[in-house]
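Novice: the following comprises the amino acid sequence and a computationally predicted model.
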Amino acid sequence: MRKLDVQLFGALALSLALTAAHADGGGGDGGGGGEGRSWGERDRFAPVREVMALGDYTTAIEKLDVLLAADAEDADTLNLLGFAHRKQGRLAEALDYYLAALRLEPEHRGANEYLGELFLETGQLAKAEERLAVLDDACFFPCSEYTDLKQAIERYKQARAAK
């Protein structure tokens, strides 16, 4: 390839990677979950994320319940409700919310990551690995939800091996 072609190809690859990162929306324990919405729409969760960052999951649930009342079929809200309930130790409720989110959006990155983490918390490694496989298919580029769940699975396996 000529030098100009290589530079153009590199710029295109970088642009695609940045676009994917922008759409990623984050995961991890911040309750992000990769909503896949525009930045403007994602701001509706800012007050929820603020109280979650403080560990106030009760207030987060109250705020999310208001959002859910306005749109009962919003996978992002259902995912965050699952996250908040899981952080409070209410795993059955969390499972219900994650499954509801996945019924609406089977490849929802946040719900798949967090459901995988719930499965690890309940000793269901094979089911967590199933969620990782879904994320592997759902993420065109590596996404934080895939990476976070993969790392959680590796930590889980190491902890089991150390026993």
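Specialist: Noted; the coordinates are in hand.

Novice: Tyr97 and Asp76 touch, don't they?
Specialist: No. Contact criterion C-beta atoms under 8 Å: Tyr97 and Asp76 do not qualify, at 11.2 Å. For the C-beta atoms, the positions are set from N, CA and C on the backbone; glycine is no exception.

Novice: how close does Leu104 sit to Ala46?
Specialist: 22 Å (C-beta to C-beta, to the nearest Å).

Novice: can you tell me the helix or strand for the one residue sitting closest to the centre of the chain?
Specialist: The centre of the chain sits closest to Gly110, judged by C-alpha atoms, centre = their mean, with a distance of 1.8 Å. Assigning secondary structure by DSSP states H and E places Gly110 in helix 109-121.

Novice: looks like Ala128 contacts Glu117 (just checking).
Specialist: Yes. At 7.4 Å, Ala128 counts as touching Glu117 under the criterion of C-beta under 8 Å.

Novice: which residues are common contacts for those two?
Specialist: 149, 152 (C-beta atoms under 8 Å, 6 or more residues apart in numbering).

Novice: can you give me the strands in the protein?
Specialist: Secondary structure of the chain by DSSP state E: no strands are present.

Novice: what's the pLDDT at the closest residue to Cys139 other than its chain neighbours?
Specialist: Excluding its sequence neighbours, the residue lying closest to Cys139 (C-beta to C-beta, 6 or more residues apart in numbering) is Tyr146, at 5.0 Å. On the pLDDT scale, Tyr146 is placed at 97.

Novice: can you report how many residues lie near Tyr146?
Specialist: With neighbours defined by other C-beta atoms under 10 Å, the count for Tyr146 comes to 25.

Novice: what of Ala111?
Specialist: 31.

Novice: tell me the contacts of it?
Specialist: Here Ala111 is in contact with 33, 75, 78-79, 82, 98, 101-102, 105 (C-beta under 8 Å, 6+ apart).

Novice: and with 10 Å instead?
Specialist: Shown in contact with Ala111 (C-beta atoms under 10 Å, 6 or more residues apart in numbering): 33-34, 75-76, 78-80, 82-83, 97-105, 131, 134, 145.

Novice: if any of these are buried, put those into a PyMOL selection.
Specialist: Of the contacts of Ala111, the buried ones go into a single PyMOL selection, burial set by 16 or more other C-beta atoms under 10 Å:
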select buried, resi 33+34+75+76+78+79+80+82+83+97+98+100+101+102+105+131+134+145
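
Novice: all set, thanks.
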